[in-house]
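# Turn this into a model:
(2 chains, ligands or ions: 2)
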There are 2 protein chains.
Amino acid sequence: MGSSSTNPSSETLLKVGVVGFGPFAQFLSRTILKQGHLVTATSRSDHSRLCSELGITFYREMDQFCNANNDVILLCPSILSLSSVMQSLPSNRLEKGTLFVDVLSVKEHPRDLLLNVLPEECDVLCTHPMFGPESGKDGWNGLPLVFDKVRIRNESLCMNFLSIFEKEGCRMVEMSCTEHDKLAARSQFLTHTIGRILSEMKIESTLMDTKGFQTLLQLRDNTMKDSLDLYCGLFKHNKFAKQELENLEGAFHSLKLKLQETQDAK
Amino acid sequence: MGSSSTNPSSETLLKVGVVGFGPFAQFLSRTILKQGHLVTATSRSDHSRLCSELGITFYREMDQFCNANNDVILLCPSILSLSSVMQSLPSNRLEKGTLFVDVLSVKEHPRDLLLNVLPEECDVLCTHPMFGPESGKDGWNGLPLVFDKVRIRNESLCMNFLSIFEKEGCRMVEMSCTEHDKLAARSQFLTHTIGRILSEMKIESTLMDTKGFQTLLQLRDNTMKDSLDLYCGLFKHNKFAKQELENLEGAFHSLKLKLQETQDAK
Ligand SMILES: NC(=O)c1ccc[n+]([C@@H]2O[C@H](COP(=O)([O-])OP(=O)(O)OC[C@H]3O[C@@H](n4cnc5c(N)ncnc54)[C@H](OP(=O)(O)O)[C@@H]3O)[C@@H](O)[C@H]2O)c1
Ligand SMILES: NC(=O)c1ccc[n+]([C@@H]2O[C@H](COP(=O)([O-])OP(=O)(O)OC[C@H]3O[C@@H](n4cnc5c(N)ncnc54)[C@H](OP(=O)(O)O)[C@@H]3O)[C@@H](O)[C@H]2O)c1
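Ligands and ions are numbered 1, 2, ... in the order given. As a prediction, this is how the structure comes out:
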């Protein structure tokens, strides 16, 4: 284990092993590195080139990655692949006392998976940074970091990890995974849905855009920077999402009725 | 007639008579007054108190209003009421050479009505300022003013009126009423539709709003500041709006199919 278990001060440097080195993991890693922590990574695809540029040790083999003595394993795969990624972890090789953190945009699903798959000795922290490469490009100050201390025995290690976000000025929001999923279905999932509907419609800037329409174009662009896997994961692994899709449909329906009434009047 | 017909310089002050003194007319009038023009008004409801505060002569009777020697009659009623408002104009009392301007958010409908109802001697300018009390609250600089010179003989009077917007820095966009309606259905009407769907859904700010969700809350709030009449008018009197509503429904449907596919996978 790294130094965190012996020196739990806020200046403790952590060894963070990232699993799944996609766009969001890359974005997070830059800030984690900037704070002086050590980062290693493994992923389905070969990211060794980018990693060596950033100063990250990249392991093609999961076994080697697991031998690297990480304090924290940061799980950043797509929502849809977390289950298979967890199955690929050699659970007999995992260090006791390692803190497992996930950053998935849904929370009940990774909570259940991590509690199921990981040995009892591993701590589990579920998080969702409510921002990404686009909305967080000018820093994380004031942006929400949602977290649930699902199974924490080593409090100081957990606090050391969370302080990465605190130091950047994140608003720290502790809530249950269930509460997160309920709220996220009505906010984030809905936002992505509207961005993707607008993309399906192929809307385009005109000579006479209103400010409102410009914000929709921007929303469409930002949404489409995230992968379709991410969006499908928001739906498939958040049990509240289906209801919000129905609510959206219902709201559309009642608005159409209102229009129909004016149409029929006179 | 006022001074514009004798002195067509850009400094000409106009006598502008406003018909329909609702929120948008009030918003426009403040800037027209600021530029030194004379403003009179008439409306279904009694706005005499606000008018006297602003320095506007308010006529309860349409007949008196029509005797006030206006250079320009600025039509600002709701889209749904324009037809009945036009019928209430005493067409035998209208001054020859008066410039009629409408500001409705649809354009084919007022064009057809004005050409039908007004005497041949009246000029007709159809405009749509693509902004309102909210988006234009910090000035009109860079905001689009769409216009169509439908029947203009007195060019200088028309230019004098348009220069009100030019002076504020508006982007002047000349296009046919039909082209306007086509584009506006795909941009402004769509934006209002999404704002109103979100309102029907009763979305609310959470502890963990993403930036994208915050822009949707803002869009909802701005949309709901406009009247339901305005929204219904956008639909009822723009022949392209129905198709865009169907496009929105179609896009929603194909997105749901994509989600269904992931749901069914494995
Ligand atoms: N983007 C954001 O703004 C944001 C914000 C907060 C949280 N998150 C969460 O962060 C995670 C990563 O998001 P992302 O934006 O980087 O894109 P993503 O498309 O959700 O995930 C991409 C990552 O998943 C891995 N992956 C995909 N399919 C895989 C499979 N079948 N087997 C193994 N690995 C697989 C990719 O590995 P390779 O690169 O090796 O192919 C890559 O590391 C997601 O859980 C997302 O919900 C994202
Ligand atoms: N709001 C904007 O941002 C914006 C931007 C560009 C263009 N426009 C256009 O400007 C016009 C006015 O819009 P608005 O926002 O002020 O609100 P609106 O609800 O569209 O129209 C309100 C105006 O319509 C009059 N009116 C409503 N029903 C009437 C009836 N049955 N008979 C006679 N008059 C009636 C009202 O008169 P009283 O006040 O006397 O009751 C008031 O003057 C609309 O055509 C709209 O499309 C609005």
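# Run through the residues of chain A sitting next to ligand 2.
Nowhere does chain A come near ligand 2, counting by C-beta under 6 Å from any ligand atom. No exception for glycine: its C-beta is placed from N, CA and C like everyone else's.
# Contacts only, for residue A:183.
A:175, B:206, B:207, B:208 (C-beta atoms under 8 Å, 6 or more residues apart in numbering or on different chains).
# Can I get the residues you listed in TSV including secondary structure?
Below are these laid out as TSV (DSSP: H, G, I helix; E, B strand; the rest coil):
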residue	secondary structure
A:175	coil
B:206	coil
B:207	coil
B:208	coil
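# Skipping its backbone neighbours, what lies nearest residue A:236 in space?
residue B:262 (5.4 Å; C-beta to C-beta, 6 or more residues apart in numbering or on different chains).
# before we move on, which element is that neighbour in?
Using DSSP states H and E, residue B:262 sits in helix B:241-264.
# cool, residue A:40 as well?
Going by DSSP H and E, residue A:40 is in strand A:38-42.
# what comes into contact with that strand?
If you take C-beta under 8 Å, 6+ apart as the criterion, strand A:38-42 is touched by A:2, A:13-19, A:21, A:25, A:29, A:32-33, A:47, A:51, A:54-62, A:65, A:68, A:70.
# And whatever helix or strand comes next after it, what's buried?
Downstream of strand A:38-42, the first helix or strand assigned by DSSP H and E is helix A:48-54. Using 16 or more other C-beta atoms under 10 Å in any protein chain shown as the test for burial, helix A:48-54 gives A:48, A:51, A:54.
# quick one: residue A:215 is in a strand?
No - counting by three-state DSSP, residue A:215 is not part of a strand but helix.
# Can you pull out the low-pLDDT segments for the stretch 101-250 of chain A?
For the stretch 101-250 of chain A, no stretch has pLDDT under 70.
# In it, which residue sits nearest ligand 1?
Relative to ligand 1, the nearest point of the stretch 101-250 of chain A is residue A:132 (1.9 Å; C-beta to the nearest ligand atom).
# Does that residue touch residue A:226 like I think?
Yes - in this structure residue A:132 lies within contact range of residue A:226 using C-beta atoms under 8 Å: 6.9 Å.
# Chain B versus residue A:159, what's the distance?
20 Å (C-beta to the nearest C-beta, to the nearest Å).
# and residue A:228, how many neighbours?
Residue A:228 has 13 neighbours, counted by other C-beta atoms under 10 Å in any protein chain shown.
# could you check the distance from the nearest residue to it once chain neighbours are set aside over to residue A:245?
Spatially, and ignoring its direct neighbours in sequence, residue A:228 is nearest to residue B:258 (7.4 Å; C-beta to C-beta, 6+ apart). Using C-beta to C-beta, to the nearest Å, residue B:258 is found at 12 Å from residue A:245.
# Now do the phi/psi pair for residue A:58.
Phi and psi for residue A:58, reported as degrees, to the nearest 10, are phi -110, psi 130.
# If it is in a bridge, with which residues?
residue A:41 (DSSP bridges).
# how much space between it and chain B?
In terms of C-beta to the nearest C-beta, residue A:58 sits 29 Å off from chain B.
# Now do the contacts for that residue.
If you count contacts by C-beta under 8 Å, 6+ apart, then residue A:58 has A:21, A:40, A:41, A:42, A:43, A:46, A:47, A:48, A:51, A:52 around it.
# neighbour count winner among residue B:258 and residue A:245?
residue A:245 (18 against 15).
# isn't that one right up against residue A:236?
No - Residue A:245 is not in contact with residue A:236 according to C-beta under 8 Å; the separation is 11.9 Å.
# Pull up the overlap in contacts between those two.
By C-beta under 8 Å, 6+ apart, the residues touching both residue A:245 and residue A:236 are residue B:259.
# so when I look at residue A:202, I'm seeing a helix, right?
No - using three-state DSSP, the assignment for residue A:202 is coil, not a helix.
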